[in-house]
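Visitor: Any chance you can model this:
(3 chains)
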Amino acid sequence: MSLIGRDLISIHDLSREEILEVLELGKRMHDAEKQGRRNNWGTKLVGMTLASLFYEASTRTRQSFDTAVRELGGKRIGFSGTEGTSVAKGETIRDTVMMYCANHAHAIVMRHPRDGSLQWAADVAHIPVVNGGDGKNEHPTQALLDLLTMYVVRQGKMDQLRVGFGGDLAHGRTVGSLTRALSHFEGVEVHWAAHDIFAMPSHLEHILEAKGVRVVRHDNVRGVLQNVDFYYMTRPQMERMNGTPQEEVLRILAQYRITPALLNGVSARIMHPLPIDSRLREIEPEVAFLPNAFYYLQAEMGIFARKALLHELLVEQGQSDYLPYSGVLPSELVSTNNRLQRAIGQRDKPTGIVHPIENGIVIDHLNGSADVNAILQPETRLRPNGKIHLGAYGKFPDAHGDVKTVYKTDLSELTERELRSIALASPGATINVIREGRVVDKFVYILCGNENCVTHVVEEAVPAKLYAEDGHAHCRYCRKLVEIPGRKVTAEERAAFIASLPTRIEPVVYK
Amino acid sequence: MSLIGRDLISIHDLSREEILEVLELGKRMHDAEKQGRRNNWGTKLVGMTLASLFYEASTRTRQSFDTAVRELGGKRIGFSGTEGTSVAKGETIRDTVMMYCANHAHAIVMRHPRDGSLQWAADVAHIPVVNGGDGKNEHPTQALLDLLTMYVVRQGKMDQLRVGFGGDLAHGRTVGSLTRALSHFEGVEVHWAAHDIFAMPSHLEHILEAKGVRVVRHDNVRGVLQNVDFYYMTRPQMERMNGTPQEEVLRILAQYRITPALLNGVSARIMHPLPIDSRLREIEPEVAFLPNAFYYLQAEMGIFARKALLHELLVEQGQSDYLPYSGVLPSELVSTNNRLQRAIGQRDKPTGIVHPIENGIVIDHLNGSADVNAILQPETRLRPNGKIHLGAYGKFPDAHGDVKTVYKTDLSELTERELRSIALASPGATINVIREGRVVDKFVYILCGNENCVTHVVEEAVPAKLYAEDGHAHCRYCRKLVEIPGRKVTAEERAAFIASLPTRIEPVVYK
Amino acid sequence: MSLIGRDLISIHDLSREEILEVLELGKRMHDAEKQGRRNNWGTKLVGMTLASLFYEASTRTRQSFDTAVRELGGKRIGFSGTEGTSVAKGETIRDTVMMYCANHAHAIVMRHPRDGSLQWAADVAHIPVVNGGDGKNEHPTQALLDLLTMYVVRQGKMDQLRVGFGGDLAHGRTVGSLTRALSHFEGVEVHWAAHDIFAMPSHLEHILEAKGVRVVRHDNVRGVLQNVDFYYMTRPQMERMNGTPQEEVLRILAQYRITPALLNGVSARIMHPLPIDSRLREIEPEVAFLPNAFYYLQAEMGIFARKALLHELLVEQGQSDYLPYSGVLPSELVSTNNRLQRAIGQRDKPTGIVHPIENGIVIDHLNGSADVNAILQPETRLRPNGKIHLGAYGKFPDAHGDVKTVYKTDLSELTERELRSIALASPGATINVIREGRVVDKFVYILCGNENCVTHVVEEAVPAKLYAEDGHAHCRYCRKLVEIPGRKVTAEERAAFIASLPTRIEPVVYK
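Guide: Residues are numbered from 1 along each chain as shown, chains lettered A, B, ... in the order given. Predicted structure coming up:
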């Protein structure tokens, strides 16, 4: 078991043993530093460079990785915020990542507003990539540092932990990531109290209970505080509260605020990912003077967690080695696996709707508002004979009497970019490929339904790739469950498609 | 005498001997470099890190500290400008400082737009904090580098210095800081010429003369130039000139501009804190080609001054040592000393105005526009019996026949935050604490009157702390004189309050 | 032959031998790294610092220099973007450069939006200055890395190179710089295909052919691809396309786009300076998966090219030495050489138009709209007798019957700043200096006509300096040809002026 050369995209990619390996090294680094013991970690990354690519603001995570790499003897390059960078000139994630590989980075930590963007960066880069936050998706080193805080305080014991949660359990990723990571251990209890609009999602509760975690909801925060070793306070996601008036939210928050009075006689340690919002005051400033306040020490644990992680990912790779950079992307990245094959039936014969096209593409089951002409722009493209290509819509009553929209063109094939654009405009459309008057291929181009997924940004040219989990398709990049949208797709076609998918996110192999 | 582990908030915190210690080390570093002598300063800060927290733009000061720490072998972390940092998410100065302590910084240099913010940062941090500019308040390393420039030029002799000042003597902090620092030395002369709107404040002149400095005003710049060793030109603070039309200001400036012609036959060295404003041209560009031009060399002195200072603050602390970080703030930081106790008199009996409240708070001598309900929001707070708390205003004729506004609530105590908010809205209000129908405590919550003081930002939760100097109260943070605002406060109450204050800014002790 | 201590402002400043010297070192560094050979380049710049002054956004160039200096063991200081710097306070290029010299930089790399700004920075600095892009003018390290890419691929052979160009050959600087650098070598062929609006300028074609380069225009990209070793794709400068509708430009671009289909059976390597615009897609994303894709490896060549260059400029200077910094600018920088002397003729006698002025200046052949009073502001300036100075316009019919505008003032001389301002407002005006009723000096103040030239920014106070090349005056800073604008200037006066100019850009010598 080794993490050398691995990427870290989600805390769920780490096994119980791998988590414990990082925690144990982090604790050893912590203990050595607090006890002033000699060690030689300070030279482990000499000659190595971490590229820190923060497409979004972050002081804390970025600074913490910076300290980690500095204390291991390495250097940091990169950017924070995209103003004044080539991103403003339309550079893709792919090209930016390759640029930092060309600059001889040995690892990348990146934050990006798009879900799935970190998996894409990891696919492109031949060096380890660590997720510093992809959209609202994952932030695995936050979970690692939270775990390390508990691990250090409890002297390496993770079983029989009792952890309370407060603040906003409904909208942030923190509670889900941390509780699921905790579920690796024995006898874990999760206690919580929150107003219904901030309540723990019931599917999360089910997952945890299925893994043996005892989940207890309390009426009030005091009840939680009296039953836990750690109390984890999270920031309310005010921007997600569209339905509820802000004063109402503030009033609710006030009832769940951590105050010195509430901590009277309580030994639970208060944790918080920081920054605390000084306007919302989810934790009163005066709490910082009590022995319960643990969030500042938790911030320091972020250093040790990231030092341990970078050490695990990089050190045996051979210090100061040049990592051969080929400048060529592996061709497996260009391929997709999202075409749901459909059976070619009787109605797909030349006498059917496709009749007027001898060679070309017919797109069936189109969403009425999808503007395929704007995507394909056939009028700007010349055939070998000098005539422009055809592109036309038709409307037909289908077998059920509904009017359906069909598009036909004599372009002989569609690019991935065009297929993705059509699927974005009209999920579930069926593509029919016509050769010599016959349908020779018929498929639905399945695309992730998450609007914030990086695969939705056509310019990024991220290949649509899926994997199957629990009998469902998932996006390789944002990992969200992908609905199979084709209205006419049969259960058999659907099952065959799911069966054709890989059952995990296979790493891209660089030679 | 040692500066090890000290903060530098104001140049006035340094004694004559301490200033000379820094200057002498700066000069030795300068001489060694200019003469190419071997030295080992380049490794003194190996393993140490300076956190450079610039909440406001600065190239020069920030870059100069950066060079200083680099040339001593240390590293720098931090930020410049708050865009893209956690400050935008409502993070307090306190939490930001703690975050950089958690990142194992060994010292902090910080610039912040609020007066007093640097003293607060120094209180919070367990490591040395150097003021890189707090609002318009202090910028002690500028004064140090100005002094070093003179010290190096005059081969270590500070007595019998003759310094001229020009530009804007009325609005900037430079002239005041530098002249007061010069007043430590013997036989110092200050010469100046400026239009009345830029004239040296008369109270500064009095302070200097009281310390034995000869202050001479001249009719014109030429007169000053002929009588001094150094001529210090400062930037006019155009934004402070609201009363005077801009063209008028420009015309005045033109008369005091330093030009090549003016320097004809003059040996005085021209100093300037830089940057020179290329639009205002307080110094003509052509002056840079004359031997009088000394501002570019002065810029280099900034490196040596800051290297010497960092060396003095840090080096004996033990190189590369881990500074134990507890993550807990000392509880003395939470306490305030600004409650001016008032005598409980005959009229404060239950039969008086407070009668309707058996237990609670009455706020007397309120400013009529102060909205105490908006601060306390009693209607959102429940008593143990489930009823909401009371909050009501009353208006009463007082002993003088004036109408006074009183507020009463059955909340049993007010938090520091609430008291501060009330004092901001109504300085000088008297707080009466009622228990079983009797006034048991009566005080005025005294707050610094400087609107730009960091203690006015309620979210920052800086405790209101005062010290006494020359028989007056001063704010611990911005050091401005604090008026005692209570209208009814007696001379005895006032005197007793002043007597209760510490007579200097006591450092916060970290164990 | 040595590049030690030199500036690099234009690729044309390097001879064939100097280029080959840099390329050979770059190739050795590249080969050593790719083959894992031991070397000691990693310590060559220990103790040295590169100031990286990017007035304009750049990730790639800035990052590449950063990596280069880091891998040579040196440090980097500086800024990227002028927000939050002293530039916003009106600081000049000159003062900024001096500030970084004061911060003990050993070399400067700078990018600035003004043409000629880099020559000015090089004049001011006593250390090597490398042009990272001045306006649309020069970007010599891009040309160096392009050459190194070819040099490495062809194992050190530069002769008989066949290079194709595509994209925008009309507006960018890349094609011109690279082809002219290639013209140093034997048997070079340039092939290109582009729409007329993006066509190679014919004067460039003439220059190349005069130097023995074979230039071939093809009908289409495929024709070029089949005839070259490298195909260089450039970004279209959309912002220069004002005359052509954007859809039209996009349609044209689509015909010249590099696609996988186009590369079928082609061995040419595709180069691109990066970033590729993901919206315009001058190269389709799928090309990155083909062996022809060479732009990512070209990005890595930027590291080796810049490492080699910095090594050549700095290493023999003596590692870790302090470069003595005087803080004084050489006085030769203040002098100009742009006064075209005119003969004082019969009509310039006191009985002429200048009659009313006994002593002063008369400005003749003024552009009617030039507001000289606004420049000189005589009404704000006092004569020794306390009266204000005179400034008045006159209109006279000239010998041809045209009305000409003349300005007269009793100011006895004009500053360089005033002369430059007048020449900006009225190019070609003749300045007449009157003493005791006689014209004693008569000249035209010649100024560069390039509106984006740094000499046009009056606040920067860049001296107007010219040199002569091919019988024409050129601006020392932006190197653009300078038209001699005086309407009345005779051919003899013009020729004498050109003859008086230096015939090359003489370096500024620092003692």
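
Visitor: What residue spans form the domains of chain A?
Guide: As given by automatic domain parsing, the domain ranges for chain A are A:11-139+A:302-324, A:142-297, A:332-500.

Visitor: Tell me if A:Ile108 really is in a helix.
Guide: No: under DSSP: H, G, I helix; E, B strand; the rest coil, A:Ile108 falls outside any helix and is assigned strand.

Visitor: hang on, it packs against A:His126?
Guide: No: applying CB atoms under 8 Å as the test, A:Ile108 and A:His126 come out as separate, 10.4 Å apart. (Glycine included, C-beta is placed from N, CA and C.)

Visitor: So for these two, which residue has more residues nearby?
Guide: Neighbour count, other CB atoms under 10 Å in any protein chain shown: between A:Ile108 and A:His126, A:Ile108 has more, with 26 against 19.

Visitor: quick one: the strands in the stretch 51-200 of chain A?
Guide: For the stretch 51-200 of chain A, the strands defined by DSSP state E, counting those that start in this stretch occupy A:75-80, A:107-112, A:129-134, A:162-166, A:189-192.

Visitor: Now render the ones you listed as a markdown table, adding mean pLDDT and distance to A:Leu414.
Guide: Formatted as a markdown table, the strands of the stretch 51-200 of chain A follow (pLDDT from 0 to 100; distance: least, CB to CB, whole Å):
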| stretch | mean pLDDT | distance to A:Leu414 |
| --- | --- | --- |
| strand A:75-80 | 92 | 36 |
| strand A:107-112 | 96 | 28 |
| strand A:129-134 | 94 | 29 |
| strand A:162-166 | 97 | 48 |
| strand A:189-192 | 97 | 49 |
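
Visitor: now the ones you listed in CSV, with distance to chain C?
Guide: CSV is the format used below for those (distance: least, CB to the nearest CB, whole Å):
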stretch, distance to chain C
strand A:75-80, 6
strand A:107-112, 13
strand A:129-134, 17
strand A:162-166, 38
strand A:189-192, 43
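
Visitor: count of neighbours near the nearest residue to A:Glu24 once chain neighbours are set aside?
Guide: In this structure, A:Glu24 finds its nearest non-sequential neighbour in A:Gly156, 7.1 Å apart by CB to CB, 6 or more residues apart in numbering or on different chains. The tally of other residues near A:Gly156 (other CB under 10 Å) stands at 11.

Visitor: can you give me the helices in chain A?
Guide: Assigned by DSSP state H, chain A shows helices spanning A:16-34, A:60-71, A:93-102, A:117-124, A:140-153, A:174-182, A:202-210, A:221-225, A:246-256, A:295-314, A:372-376, A:416-425, A:491-500.

Visitor: Now mean pLDDT and mean neighbour count too, for those, in CSV please.
Guide: Output for the helices of chain A, formatted as CSV (pLDDT from 0 to 100; neighbours: other CB atoms under 10 Å in any protein chain shown):
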stretch, mean pLDDT, mean neighbour count
helix A:16-34, 95, 18
helix A:60-71, 95, 24
helix A:93-102, 93, 25
helix A:117-124, 92, 27
helix A:140-153, 97, 24
helix A:174-182, 93, 22
helix A:202-210, 95, 13
helix A:221-225, 96, 21
helix A:246-256, 83, 15
helix A:295-314, 96, 25
helix A:372-376, 91, 19
helix A:416-425, 94, 20
helix A:491-500, 95, 14
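
Visitor: Can you lay out those helices as TSV showing distance to C:Gly212?
Guide: Converted to TSV, the helices of chain A look like this (distance: least, CB to CB, whole Å):
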stretch	distance to C:Gly212
helix A:16-34	63
helix A:60-71	51
helix A:93-102	34
helix A:117-124	43
helix A:140-153	59
helix A:174-182	66
helix A:202-210	74
helix A:221-225	84
helix A:246-256	74
helix A:295-314	51
helix A:372-376	47
helix A:416-425	43
helix A:491-500	60
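
Visitor: between these, which gets nearest to C:Trp41?
Guide: When the helices of chain A are compared by CB to CB, helix A:93-102 sits nearest C:Trp41, at 17.9 Å.

Visitor: now the closest one, how far from the centre of its chain.
Guide: Taking the mean of its C-alpha atoms, helix A:93-102 sits 19 Å from the chain's own mean (CA atoms, centre = their mean, to the nearest Å).

Visitor: Point out the other elements, helices or strands, that it touches.
Guide: Under the contact criterion of 3 or more CB pairs under 8 Å, 6 or more residues apart in numbering or on different chains; DSSP states H and E, helix A:93-102 touches strand A:49-54, strand A:107-112, helix A:117-124, helix C:60-71, helix C:295-314.

Visitor: ranking the domains of chain A by burial, who's on top?
Guide: domain A:11-139+A:302-324 (a mean of 21; mean count of other CB atoms under 10 Å in any protein chain shown).

Visitor: before we move on, back to that, closest one to B:Pro291 among the helices of chain A?
Guide: Closest approach to B:Pro291 among those (CB to CB): helix A:60-71, 43.7 Å.

Visitor: So the closest one, near chain C or not?
Guide: No: Helix A:60-71 does not reach chain C (CB under 8 Å from any CB of the partner chain); its nearest approach is 12.9 Å.
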